[in-house]
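Colleague: Predicted model and sequence below, questions to follow.
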Amino acid sequence: MILNYLWVAFFLIAFVVALIKLIVFQDMEVFPSIVTSTFEMAKTGFEISIFLTGVMSLWLGLMKIGEKGGMVNVLSRLVGPFFRRLFPEIPANHPAIGSIIMNFSANILGLDNAATPLGLKAMQEMQTINKDQEVASNAQIMFLVLNTSGLSIIPLTILVDRSVMGASNPTDVFLPILLSTFVSTLVGLITVAIYQKINLLDKVILAYLVGFSTLIGILIYYFTTLPQERISTISTVASNFIIFTLIICFIALGLRKKINLYETFIDGAKEGFQIAIKIIPYLVAILVAIGVFRASGAMDYLMSGIEYLIGLTGINTDFVRALPTALMKPLSGGAARGMMIETIDTYGVDSFTGKLASVLRGATETTFYIVAVYFGSVNIKKTRYAITAGLIADLAGIIAAILFGYLFFH
């Protein structure tokens, strides 16, 4: 529903702006530019989707090996004690705990197809112990906000899109995204913990938070000591090393489980091919709308206004051109993806704006979509502070993404 409103709004605003430019400024090129843009963006959407089939097939094939090999279960054991303390109202042996851990493990690995069904199952299981069936419980809110923070070790779709768009190093955004989503998740967790009066000084919770935060802090400190030209090189090497190491871990677990690696890969690759083909109409639809919005001049007016206001504070405004992706993400993942691709198409995949748009897309999740789907699946009508906490986490992720974007790429 939100995407429907956004799609219509892009066209209507573009028409109004173009009409004003034609009548007031006698701009005879504005409507031809808009029509030309519709064809160009439709072509771009189709071409991206076609190139996407190969890369998606590759990665989903590898992910299927990791899933069958038990990587999700390994992560579940690693974070189990931590999650059990974040959901104190859920009984120790309740099946909801298992689904929650499995959902987050799938999210962290970028297994979106597995994460959503597990998330809906977890929400339904938590609903069985919810005292008021129409009001979101504390556990459901904590679960939802942590989902909206978007923590992911492998931001697969973003890396794939950058590869398809011709990035010289598609994985150069890997570490900035990881750092940004960690900040978003940490802020979301602390926000909900304050609302729910969860003891963050519990020794297990504290051990996990301090451990993760220390690791992230060391990474940030290390990169701040490097000259700018070295940051990009080391980040790229580290990102590729981590990703390839995970692939080897997937394969090793598959060998340990004695699964047929080749057939498992083929099964996952088939899913990747089907997904890539299915997204063609959706990608074309959103790219055409965004292209029309930009061709009319509406995007430039909006960004120039924001840039002017921010410029009054004396802050560097180079990040403003990437902001539309961040503004779209809480509303719609598809719109954010389209905005990132259109931004890359306009400014270049290896430009500061293109890289920052990629990091901003990965820094948060689709808050309103997740609230609608997850709470809607169990008929929750009163979401309490879930949206507020989710948007606070989103804001933290956006700010972190901008800061890390400057650190790594500017």
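Modeller: Happy to help now that I have it.

Colleague: got the residue ranges for the helices in the stretch 151-300 of the chain?
Modeller: In the stretch 151-300 of the chain, helices defined by DSSP state H, counting those that start in this stretch lie at 156-164, 174-196, 203-224, 228-257, 261-278, 280-295, 298-311, listed in chain order.

Colleague: Residue 305: neighbour count?
Modeller: Summarising burial for residue 305: neighbours were counted as other CB atoms under 10 Å, giving 11. (Glycine included, C-beta is placed from N, CA and C.)

Colleague: What of the one 3 residues further on?
Modeller: Using other CB under 10 Å, the number of residues around residue 308 comes to 11.

Colleague: where does it sit relative to residue 301, distance-wise?
Modeller: 11 Å (CB to CB, to the nearest Å).

Colleague: for residue 151, same thing?
Modeller: Taking CB to CB as the measure, residue 151 and residue 301 are separated by 35 Å.

Colleague: Have a look at these two and say which one is more surrounded.
Modeller: Neighbours per residue (other CB under 10 Å) separate residue 151 from residue 301, with residue 151 holding more: 21 against 13.

Colleague: Show the contacting residues for the residue nearest the centre of the chain.
Modeller: Of all residues in the chain, the one closest to the mean position by CA atoms, centre = their mean is residue 362, 3.6 Å from it. The contact partners of residue 362, taken as CB atoms under 8 Å, 6 or more residues apart in numbering, are 150, 152, 155, 158, 173, 177, 180, 181, 401.

Colleague: Next: residue 393.
Modeller: 145, 148, 149, 184, 185, 187, 188, 191, 364.

Colleague: thinking again about what came up before, just checking, the residue nearest to the centre of the chain is part of a helix?
Modeller: Yes. Read with DSSP: H, G, I helix; E, B strand; the rest coil, residue 362 is one of the residues of a helix.

Colleague: Just the pLDDT at it, thanks.
Modeller: If you check residue 362, the pLDDT there is 89.

Colleague: For it, which non-adjacent residue is closest in space?
Modeller: Among residues not flanking residue 362 along the chain, residue 177 sits closest, at 3.7 Å (CB to CB, 6 or more residues apart in numbering).

Colleague: what do you get for residue 183?
Modeller: Distances taken as CB to CB, 6+ apart put residue 400 closest to residue 183, at 3.8 Å, once the chain neighbours are dropped.

Colleague: Next, the one you found: secondary structure please.
Modeller: Relying on three-state DSSP, one would call residue 400 helix.

Colleague: and the angle for the longest helix seen in the chain with helix 228-257?
Modeller: In the chain, assigned by DSSP state H, the helix with the most residues is helix 30-69. For helix 30-69 against helix 228-257, the angle between stretch directions is 40 degrees (axes from the mean of the first three to the mean of the last three CA atoms, to 10 degrees).

Colleague: thinking again about what came up before, nearest to residue 369, out of the helices of the stretch 151-300 of the chain?
Modeller: Distance to residue 369, taken as CB to CB, is lowest for helix 280-295 among the helices of the stretch 151-300 of the chain, at 13.7 Å.

Colleague: by how many degrees do that closest one and helix 261-278 diverge?
Modeller: Relative orientation of helix 280-295 with respect to helix 261-278: 50 degrees, computed using the same axes, to 10 degrees.

Colleague: Remind me what helix 280-295 packs against, helices and strands.
Modeller: Using 3 or more CB pairs under 8 Å, 6 or more residues apart in numbering; DSSP states H and E as the contact criterion, the neighbours of helix 280-295 among helices and strands are helix 2-24, helix 30-69, helix 298-311, helix 333-347.

Colleague: So which bits of the third one are buried?
Modeller: Residues 298, 299, 302, 303, 306, 307 are the ones in helix 298-311 that count as buried (16 or more other CB atoms under 10 Å).

Colleague: buried sites along whichever helix or strand comes after that helix?
Modeller: Per DSSP states H and E, helix 298-311 leads on to helix 323-328 as the next helix or strand towards the C-terminus. Of all the residues in helix 323-328, those buried under the rule 16+ other CB under 10 Å are 323, 324, 325, 326, 328.

Colleague: ok, now which ones touch the residue nearest to the second one when sequence neighbours are not counted?
Modeller: Across the structure, with CB to CB, 6+ apart as the measure, the residue nearest residue 324 apart from its sequence neighbours is residue 339 (4.9 Å). Shown here is residue 339, whose contacts under the criterion CB under 8 Å, 6+ apart are 290, 324, 325, 328, 357, 361.

Colleague: Likewise for residue 71?
Modeller: Applying CB under 8 Å, 6+ apart, one finds that residue 71 lies in contact with 105, 109, 249, 250, 253.

Colleague: neighbours of the closest residue to residue 298 other than its chain neighbours, just the number please.
Modeller: Counting by CB to CB, 6+ apart, residue 298 lies nearest to residue 17, which is 4.3 Å off, once chain neighbours are set aside. A count of neighbours around residue 17, defined by other CB under 10 Å, yields 21.

Colleague: so what pLDDT did residue 17 get?
Modeller: 94.

Colleague: swap in residue 409?
Modeller: Model confidence at residue 409, given as pLDDT, is 90.

Colleague: Over to residue 194?
Modeller: At residue 194, the pLDDT value in this model is 95.

Colleague: do the same with residue 109
Modeller: 65.

Colleague: for the stretch 1-150 of the chain, which spans come out with low pLDDT?
Modeller: Applying pLDDT under 70 to the stretch 1-150 of the chain flags the ranges 1-3, 52, 72, 75-76, 109-115, 117, 150.

Colleague: what ranges of the stretch 201-350 of the chain fall below the confidence cut-off?
Modeller: Counting by pLDDT under 70, the ranges of the stretch 201-350 of the chain that qualify are 228-229, 232, 239, 275.

Colleague: re the thing from before, so which of the helices and strands packed on helix 280-295 gets nearest residue 136?
Modeller: Nearest to residue 136, of all those, is helix 2-24, at 19.4 Å by CB to CB.

Colleague: Got the phi and psi for residue 317?
Modeller: The phi/psi pair for residue 317 (degrees, to the nearest 10) reads phi -110, psi 10.

Colleague: so what's it up against?
Modeller: Listed by CB under 8 Å, 6+ apart, the contact set of residue 317 reads 307, 310, 311.

Colleague: could I get these as a markdown table with distance to residue 96?
Modeller: Output for the contacts of residue 317, formatted as a markdown table (distance: CB to CB, whole Å):
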| residue | distance to residue 96 |
| --- | --- |
| 307 | 46 |
| 310 | 44 |
| 311 | 49 |
